[in-house]
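Novice: Here is my input, please return the structure:
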Amino acid sequence: MTNRRQFLRNLGVSSAALPFLTNLPSLGADAIRARKQRLIIMFTPNGTLPDEFWPSVDGNGEMQFPAILKPLEPFKEESLLLEGLCNMVRGDGDGHMRGMSCLLTGNVLHPGNIKGGGGNPAGWASSISIDQEIKNFLQKSPATRTRFGSLEVGVAVPDRADPWTRMSYAGSNQPVAPLSDPYEMLDKLYGGSKDRETYASLLDQVGRDLKKVAQKLSTEDRVLLDQHVNLVRELEKEMKVTTQAGELLHPEPDLDPNIELINDNTPQLARMQMDLLINAMANDMARVSSIQFTRSVSHSRMRWLGIEEGHHYLSHQPDDNKSAYNQLLKINTWFAEQLAYLAGRLRDTPEPGGDGSMLDNTTILWVNELGKGNNHTLNNIPFLAVGGGLDYKMGRLVKFEEKTPHNRFLMSLAHSFGNHLPTFGQEKFCVDGPLSLS
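Specialist: Numbering: from 1, shown residues only. Presented below is the predicted three-dimensional model:
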């Protein structure tokens, strides 16, 4: 990094250009060319429809994807589904609260004064989440250290802080807030966003500097730089158009959890955030990230799908309510489409400075706080992984014994990165060690 900064200073290039250049081998990055393992955790709320989510296996051992997973058919051989994992953490808080804030921590919530739909009032999680644990492990070594370590991205996450809105924790009582505004994400990554009414292009500021550096780059690196610049340019254009058409940010809810959110621009926000995230990871700004759609107990009304009622309300309807069932099917299929978009972007992006695609070295993990919405179960929570970043054996459904603690899976995530934790979260749920998935 020091040599790279000195090289840029010698060219008369400002530090503002550095975020566009950090991962280019020609400038001293990736001197060892070690493989970059990455993890993206994607959260969607309110449980799933088990009969439409879990695959069947035919006589040849091939998975048959049901309706929700149809958008992921192109990635079937790169998918791993884990059936039977359960959030065994009990204690204070309602099912949604423990489902959300214990999902990645595997530990109890502190006592607190936040009252949910049942159980005792609760507070924040009592220990670090697995994404932040892996981030800290990678940041300890110069070979795996990145600019941010991890990136927490939100899509229509309400601007409020409670156990229903936070799944990542830096430690006990230390929730990590996702950034839900693409402008804030752009500013975090590139440090150059302006007032929205007078939004000037980041690239107008650093364009001359990038042209200077490009003359010194290899052909491969010029292609990488061009891709990086073009994506940021397109995102800026899209943001400007959106700002002219109306407010970009989603409306914020009152404290009344029964108020339904109306986020008609959620699909556009999602696409911007996913593009920014993939671009940042392609340029090695972070190797661990999360993208959180709304929140636990989400009341979003997905009118772009022709749905006028709130997601949470629909998720509480009995299974024989065919109208609600069909709307939930649309909602969960739309979430699967977002995962497919992420996986497609990674597959179509060559691994910078390496072989294959980014998907070969990245695993996307799709999670949910509940197994099923209308009974608030924390059993058989949907866990679906796509991509080769963790070196698991993919293209299969793995069924575990009833009520296998999900702590064991969290341990296996850490072990896949070389962080051989003896336990994670509540120790009593780790006695059988990490799951063997390779």
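
Novice: Buried ones in the helix or strand harbouring D187, by neighbour count?
Specialist: For D187, the host element (DSSP states H and E) is helix 182-190. For helix 182-190, burial by neighbour count (16 or more other Cβ atoms under 10 Å) applies to 182-183, 185-186, 188-190. All C-beta atoms are positioned from the backbone trio N, CA, C, and that covers glycine.

Novice: what's that helix packed up against?
Specialist: Applying 3 or more Cβ pairs under 8 Å, 6 or more residues apart in numbering; DSSP states H and E, one finds that helix 182-190 contacts helix 219-245, helix 266-282.

Novice: re the thing from before, can you list the buried residues of helix 182-190 in CSV and add distance to G61 and pLDDT?
Specialist: Below are those laid out as CSV (distance: Cβ to Cβ, whole Å; pLDDT from 0 to 100):
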residue, distance to G61, pLDDT
P182, 43, 86
Y183, 48, 82
M185, 42, 89
L186, 46, 84
K188, 45, 88
L189, 43, 87
Y190, 47, 79
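
Novice: Just the CA trace of stretch 296-314, in PDB.
Specialist: Listed next in PDB are the C-alpha coordinates belonging to stretch 296-314 (Å, rounded to 0.1, in the frame of the first residue of the first chain):
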ATOM      1  CA  SER A 296     -37.700  -8.800  10.700                       C
ATOM      2  CA  VAL A 297     -41.400  -8.300  11.000                       C
ATOM      3  CA  SER A 298     -41.300  -6.400   7.800                       C
ATOM      4  CA  HIS A 299     -44.600  -4.800   6.800                       C
ATOM      5  CA  SER A 300     -43.500  -3.800   3.300                       C
ATOM      6  CA  ARG A 301     -46.200  -3.700   0.700                       C
ATOM      7  CA  MET A 302     -44.700  -5.000  -2.500                       C
ATOM      8  CA  ARG A 303     -46.900  -3.100  -5.000                       C
ATOM      9  CA  TRP A 304     -44.400  -3.700  -7.800                       C
ATOM     10  CA  LEU A 305     -45.600  -7.400  -7.600                       C
ATOM     11  CA  GLY A 306     -49.200  -6.400  -7.500                       C
ATOM     12  CA  ILE A 307     -49.400  -6.900  -3.700                       C
ATOM     13  CA  GLU A 308     -51.200  -4.300  -1.600                       C
ATOM     14  CA  GLU A 309     -51.100  -6.000   1.800                       C
ATOM     15  CA  GLY A 310     -48.100  -6.100   4.100                       C
ATOM     16  CA  HIS A 311     -45.600  -8.900   4.000                       C
ATOM     17  CA  HIS A 312     -45.900  -9.600   7.800                       C
ATOM     18  CA  TYR A 313     -49.700  -9.700   7.700                       C
ATOM     19  CA  LEU A 314     -49.600 -12.200   4.800                       C
END
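
Novice: buried set for it?
Specialist: Using 16+ other Cβ under 10 Å as the test for burial, stretch 296-314 gives 296-302, 307, 310-314.

Novice: what about it, average pLDDT?
Specialist: Mean per-residue pLDDT for stretch 296-314: 93.

Novice: How about stretch 168-179?
Specialist: Mean predicted confidence for stretch 168-179 is 97.

Novice: Between the two ends of that stretch, how far is it?
Specialist: 12 Å (Cα to Cα, to the nearest Å).

Novice: Residues contacting it, please?
Specialist: The contact list for stretch 168-179 (Cβ atoms under 8 Å, 6 or more residues apart in numbering) reads 101, 104-105, 110, 123-129, 131-132, 150, 152-154, 157, 161, 166, 185, 188, 290-292.

Novice: out of those residues, which are buried?
Specialist: For these, buried by 16+ other Cβ under 10 Å: 101, 104-105, 110, 123-129, 131-132, 150, 152-154, 157, 166, 185, 188, 290-292.

Novice: Can you list which of the residues you listed are found in strands?
Specialist: Using DSSP state E, the subset of those located in strands is 110, 123-125, 150, 152-154, 290-292.
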